[in-house]
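>>> Structure, please.
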Amino acid sequence: MKRGMIIMLNGTSNTDTVTNLQSATLIATDAQLTHLDTGAAHIDITYVYSRIDNTELDTVLQSLRSYRTQLSGALHTAAQLDKLATASHVPYLITLLNDPEPFVREAAARPLARLQGLSILPLLLCAMRACEQAGAPSRPLSYITAQIVRTHATQVEPMLSDMLNSIESATRQDAAWCYGFMNAGAALSPLLRALRDSAPIVRIAAANALRSFDSPVAVSALCQALFDPAEDVRVAVAATLSQVATVDSVPALAHAQRDSSQAVRVFVNYALKRLNGSPKPIATAKPARLLSKLFARA
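Numbers count the residues shown, from 1 in each chain. Down below sits the predicted model:
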């Protein structure tokens, strides 16, 4: 199992071992649960259950699987699952985050967020990562995860700061992504540091997240990042600047008009047109189509 971050359970954290998620109902056979890294492609958790009856949930899940091609039926059944789930079902719901069916993972995430709040964030990040590595990013999982970050912005900031120090680039990427959903009062310095990270995926996530910060310091850092050696990073930076650039950004944007990447040039030209007061409508502009791909995780 990969290592790199601490999972907080029931409002506590332990750097060595945490052997219970709900102490009355769960015995974790894997004592390294606290070090599960969000970059892992598979949530490798084994539980021994005690006095838990999941029959009612299993019945709902069976119905949910039968609605795999019927969106309205699946949504209704997922709502039933959320209504029925209680704290005693948390261990079982966690195993469903590893289910091969995407809509089952998404249905399990909803009651887990309601019942566990911030403590479930690392496992939801794991589930998101697994979906992405399988080539099937999950917008519902992303939405639920982002809502947890927004709701617990004050409490989650120390966790994200620790994640940005992880040796795993995927964990640092997750942290930078989460920073994009913090409130305006969140510290900016960790995200600016992530914009200079050694891993391009982290720099991309940081550039995307900076769209949420209305700060001259952030815009200045993004202008410097327009000269990043990695094309994908420059594209993400230019995309963010197309939304947040100020008149002080014009020199850097003008220089970037000669970038070798067509995508960078598209975003830069849009930013300059916006600053000149004549942008295309965002709904029809070419940057909008590129943005939909860049920020699919959000």
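
>>> So which elements touch the helix or strand where residue 105 lies?
Assigned by DSSP states H and E, residue 105 belongs to helix 102-116. Applying 3 or more Cβ pairs under 8 Å, 6 or more residues apart in numbering; DSSP states H and E, one finds that helix 102-116 makes contact with helix 55-66, helix 71-84, helix 90-96, helix 121-133, helix 139-151. From N, CA and C alone the C-beta is placed, and that goes for glycine too.

>>> Can you add mean pLDDT and give these back as TSV?
As requested, the helices and strands packed on helix 102-116 are exported to TSV (pLDDT from 0 to 100):
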stretch	mean pLDDT
helix 55-66	78
helix 71-84	80
helix 90-96	89
helix 121-133	90
helix 139-151	93
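
>>> For residue 261, find the nearest of those helices.
Residue 261 lies closest, by Cβ to Cβ, to one member of the helices and strands packed on helix 102-116: helix 121-133, at 23.1 Å.

>>> Packing partners of that closest one?
Packing partners of helix 121-133 (3+ Cβ pairs under 8 Å, 6+ apart): helix 102-116, helix 139-151, helix 169-179.

>>> Alpha carbons only: can I get that helix in CSV?
Coordinates of each C-alpha in helix 121-133 appear next as CSV, following Å, rounded to 0.1, in the frame of the first residue of the first chain:
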residue,chain,number,x,y,z
LEU,A,121,-12.3,13.1,2.4
PRO,A,122,-9.1,11.1,1.8
LEU,A,123,-11.1,8.0,0.8
LEU,A,124,-13.3,10.0,-1.6
LEU,A,125,-10.1,11.4,-3.1
CYS,A,126,-8.9,7.8,-3.5
ALA,A,127,-12.2,6.8,-5.2
MET,A,128,-11.9,9.8,-7.6
ARG,A,129,-8.3,8.8,-8.4
ALA,A,130,-9.4,5.3,-9.2
CYS,A,131,-12.1,6.5,-11.5
GLU,A,132,-9.7,8.7,-13.4
GLN,A,133,-7.1,6.0,-13.7
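
>>> that older thread, out of the helices and strands packed on helix 121-133, deepest packed?
Looking across the helices and strands packed on helix 121-133 with neighbours counted as mean count of other Cβ atoms under 10 Å, the highest average goes to helix 169-179: a mean of 27.

>>> so for that helix, what's the average pLDDT?
Confidence over helix 169-179 (mean pLDDT, whole number) is 94.

>>> so how far is residue 93 from residue 64?
In this view, residue 64 and residue 93 are 13 Å apart by Cβ to Cβ, to the nearest Å.

>>> picking up where we left off before, of the helices and strands packed on helix 102-116, flag the one that's most buried.
Mean neighbour count (mean count of other Cβ under 10 Å) peaks for helix 121-133 among those, with a mean of 23.

>>> Now distance to residue 191 too, for the helices and strands packed on helix 102-116, in TSV please.
Formatted as TSV, these follow (distance: least, Cβ to Cβ, whole Å):
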stretch	distance to residue 191
helix 55-66	38
helix 71-84	33
helix 90-96	29
helix 121-133	17
helix 139-151	13
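
>>> how many other residues sit next to the nearest residue to residue 152 once chain neighbours are set aside?
Distances taken as Cβ to Cβ, 6 or more residues apart in numbering place residue 118 nearest to residue 152, at 4.3 Å, with adjacent residues excluded. Look at residue 118: counted by other Cβ atoms under 10 Å, it has 16 neighbours.
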